[in-house]
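Asks: Structure for this input, please:
(one chain, ligands or ions: 1)
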Amino acid sequence: MLQSLEGVPGYDRESFVNVHQSGAQVTSIRLNPAKPVAEDRSDAISLHKSAVAGLTSPIPWTRYGYYLPQRPSFTFDPLFHAGTYYVQEASSMFVEQALVQHCDLAAPLKVLDLCAAPGGKSTHVQSLLSPGSLLVSNEVIKARAGVLVENLTKWGGVNCVVTNNDPAHFGRLEGFFDVLVVDAPCSGSGLFRRDPEAITEWSPSNVDLCQGRQQRILADAWPALKEDGLLVYSTCSYSIEEDEAILDWLMETFGCVSLPLQTPGDGIVEIQSGRGGWGYRFFPDRVRGEGFFLAVFRKKDAVSAVRHKVKPLDLLPAKEAAPLAGWIDVEGLRFLRHGQRLLAFPDALLSDLAILQSALYIQSAGTAMGELIRDKLVPDAALALSTRLSPSVPRIDVDFATAIRFLQRADLELDAAKGWQLLAYAGIPLGWVNVLPNRVNNYFPREWRIRSEAPKP
Ligand code: SAM
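Replies: Model prediction:
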């Protein structure tokens, strides 16, 4: 691989090898601006203490990302499970610059994140979009779609739809999206410092295989982008075949226009491909982050407007929705039936949801409210984590040990009023318990629970 990188702009063999051999690791998080933690509560939280110390060390290319001085146990931080931040590699947060520099983020945009699991870019993009925007996060591999739903649910936005489709299925949505993010599956050389095991899987033939797959994915999804829409293409590979060569292929095949980016901070390497396409490469010996590559294009070919045939959505009549009003801020939202469950979704995006539902396999949409049984809501975990949860829902702020037991789905003892109670930690909701006369039922989702014992202090 080292040999194959000779001639790659920005590659310096000696310092590249040194940084991989140094054993140094960079830890970074990105805060959820929709779930701020009160600073006077940070004393209670071990991770947050280090995060607050780390907050003096912002990542230059994003307004929400910070380096941490060391890697804490995220598993045993309740605020991690509550979706107040996402643990993400720093370089990949550069995606923010593509949107900030080339989109009107105040406008209502329709964004497709095509290769989205586990959800790093999707949660980031969600934080950047205006509330009237729609984010469709897709993951083709079913086993990975679950973690994408989990992470977006914890992030708490109501304007997201998670789909589990092959990129080719998006060809049915001609000209639908304003922005297409393709964080493509790649040969992964950019992550070798993190995961030295992956080095054994690298081969020139795998790079070629990845290139072919990247072209197929881009060609399949291309029709779904509007004329003048934005394509953000990224990989965590240094190989020219997956980076510069893809830029040339995109410009040749689709006649799209490459867009330059300003590069905050030092060390990001700006490249130009043979056809003049701009690209931005991150090397771990030049920036505080892992290997990454990103390029942005504007689509120029005309797209014929398609009238989509849609199946109607199963909307809940206003009268039946009345018991839901105390649970969620209903402003601009409507409720839908999905089997037994009820979902909250932005009213202004319902016609888009109907189109998506007719063309794609939807894994989740909006905020799952729960089930109405005899006019009483049995609340869903997603509602507790929603940023639209009504502040009037009473909550019990628990201590660290109780929060961890709740997240382990263990038995709890609480001195609380009977019925559904929202548990919160440092003021941030975690989930629901149902207090019965003789016990407390823990409703934290089984598949999200902490599976290990807390480390001994
Ligand atoms: N964007 C994600 C994030 O920021 O958390 C990381 C995405 S990862 C680099 C690439 C994703 O592409 C993986 O989730 C993988 O399952 C998916 N993938 C693999 N093969 C694919 C294919 N043929 N078409 C579309 N996606 C594919």
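Asks: which residues does Phe192 contact?
Replies: With contact taken as Cβ atoms under 8 Å, 6 or more residues apart in numbering, Phe192 is in contact with His20, Ala198, Ile199, Trp202, Gly291. Quick note: C-beta positions are derived from backbone N, CA and C, even for glycine.
Asks: who does the longest helix seen in the chain touch, helix- and strand-wise?
Replies: Criterion DSSP state H: the longest helix present in the chain is helix 204-221. Contact analysis of helix 204-221 by 3 or more Cβ pairs under 8 Å, 6 or more residues apart in numbering; DSSP states H and E lists strand 177-183, strand 225-235, helix 244-254 as its packing neighbours.
Asks: ok, back up a step: return a PyMOL selection command for the buried portion of the contacts of Phe192.
Replies: Applying 16 or more other Cβ atoms under 10 Å to the contacts of Phe192, the buried members can be selected in PyMOL as follows:
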select buried, resi 20+202+291
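Asks: of the contacts of Phe192, closest to Ile428?
Replies: If you rank the contacts of Phe192 by distance to Ile428 using Cβ to Cβ, Gly291 comes first, at 33.6 Å.
Asks: State the number of residues packed around the residue in the stretch 201-350 of the chain positioned nearest to the ligand.
Replies: Per Cβ to the nearest ligand atom, Ile217 is where the stretch 201-350 of the chain lies closest to the ligand, at 4.8 Å. Per other Cβ atoms under 10 Å, the neighbour tally for Ile217 reads 21.
Asks: Lowest-confidence member of the contacts of Phe192, which is it?
Replies: On pLDDT alone, Ala198 ranks lowest of the contacts of Phe192, at 86.
Asks: where does the chain come near the ligand, residue by residue?
Replies: 92, 115-121, 139-141, 144, 167, 183, 185, 213, 217 (Cβ under 6 Å from any ligand atom).
Asks: Please flag which of the residues you listed sit within helices.
Replies: Using DSSP H, those in helices are Gly120, Lys121, Arg144, Arg213, Ile217.
Asks: how deep is the second one tucked in, by neighbour count?
Replies: This means Lys121. Applying other Cβ under 10 Å, I find that Lys121 has 22 neighbouring residues.
Asks: Need the helices and strands packed on helix 204-221 in a markdown table (columns: distance to Val37 and mean neighbour count).
Replies: Below are the helices and strands packed on helix 204-221 laid out as a markdown table (distance: least, Cβ to Cβ, whole Å; neighbours: other Cβ atoms under 10 Å):
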| stretch | distance to Val37 | mean neighbour count |
| --- | --- | --- |
| strand 177-183 | 28 | 23 |
| strand 225-235 | 30 | 22 |
| helix 244-254 | 40 | 19 |
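Asks: which residues of this protein fall in helices?
Replies: 2-5, 13-21, 46-54, 78-81, 95-102, 120-128, 142-155, 204-221, 244-254, 318-321, 350-359, 381-385, 400-407.
Asks: Can you flag the weakest of the ones you listed by average pLDDT?
Replies: Looking at the helices of the chain, the weakest mean confidence is helix 46-54, a mean of 53.
Asks: From the ligand, how far out is Ser133?
Replies: Separation of Ser133 from the ligand (Cβ to the nearest ligand atom, to the nearest Å): 18 Å.
Asks: What's the local residue count around the nearest residue to that residue once chain neighbours are set aside?
Replies: Nearest non-adjacent residue to Ser133, counting by Cβ to Cβ, 6 or more residues apart in numbering: Leu109, 4.6 Å away. The number of residues packed near Leu109 is 22, by other Cβ under 10 Å.
Asks: Just to check, Leu109 is in contact with Ser130?
Replies: Yes. Under the criterion of Cβ atoms under 8 Å, Leu109 makes contact with Ser130 at 7.3 Å.
Asks: Same question for stretch 124-135: list its buried residues.
Replies: Residues His124, Val125, Gln126, Ser127, Leu128, Leu129, Ser133, Leu134, Leu135 are the ones in stretch 124-135 that count as buried (16+ other Cβ under 10 Å).
Asks: ok, now stretch 384-396?
Replies: Ala384, Leu385, Ser386, Thr387, Arg388, Leu389, Val393, Arg395.
Asks: tally of neighbours for the residue nearest to the fourth one when sequence neighbours are not counted?
Replies: Right, Thr387. Leaving aside its sequence neighbours, Thr387 sits nearest to Gly156 (Cβ to Cβ, 6+ apart; 3.9 Å). Here the number of neighbours of Gly156 (other Cβ under 10 Å) works out to 25.
Asks: I'd like the distance between Gly156 and the ligand.
Replies: Gly156 sits 17 Å away from the ligand, going by Cβ to the nearest ligand atom.
Asks: Also Val179?
Replies: Applying Cβ to the nearest ligand atom to Val179 and the ligand gives a distance of 14 Å.
Asks: Greatest separation within the ones in helices among the residues of the chain next to the ligand: which pair is it?
Replies: Gly120 and Arg213 (19.9 Å).
Asks: In terms of neighbours, single out the busier of these two.
Replies: Of the pair Gly120 and Arg213, Gly120 is the one with more neighbours under other Cβ under 10 Å, namely 20 against 15.
Asks: need the contact list for the residue of the stretch 201-350 of the chain closest to the ligand.
Replies: Leu114, Cys115, Pro167, Val182, Ala184, Pro185.
Asks: Could you single out the nearest of those to Ala416?
Replies: Among those, and counting by Cβ to Cβ, the member closest to Ala416 is Cys115, at 43.4 Å.
Asks: so what's Ala359 closest to, chain neighbours aside?
Replies: Arg172 (4.3 Å).
Asks: hang on, the earlier thing: in TSV, list the helices and strands packed on helix 204-221 along with distance to Gly265.
Replies: Converted to TSV, the helices and strands packed on helix 204-221 look like this (distance: least, Cβ to Cβ, whole Å):
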stretch	distance to Gly265
strand 177-183	21
strand 225-235	17
helix 244-254	22
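Asks: hmm, back to that, are any of the residues of the chain next to the ligand buried, and which?
Replies: Applying 16+ other Cβ under 10 Å to the residues of the chain next to the ligand flags 92, 115-121, 139-140, 167, 183, 185, 217 as buried.
Asks: Which member of those residues is positioned nearest Gly370?
Replies: Proximity of those to Gly370, judged by Cβ to Cβ, is greatest for Gly119, which lies at 22.6 Å.
Asks: From Leu129, how far out is that closest one?
Replies: 15 Å (Cβ to Cβ, to the nearest Å).
Asks: can you check Ile268 too?
Replies: Taking Cβ to Cβ, one finds Ile268 at 24 Å from Leu129.
Asks: Count the neighbours of the closest residue to Gln211 other than its chain neighbours for me.
Replies: Nearest non-adjacent residue to Gln211, counting by Cβ to Cβ, 6+ apart: Glu241, 4.6 Å away. A count of nearby residues for Glu241, using other Cβ under 10 Å, gives 18.
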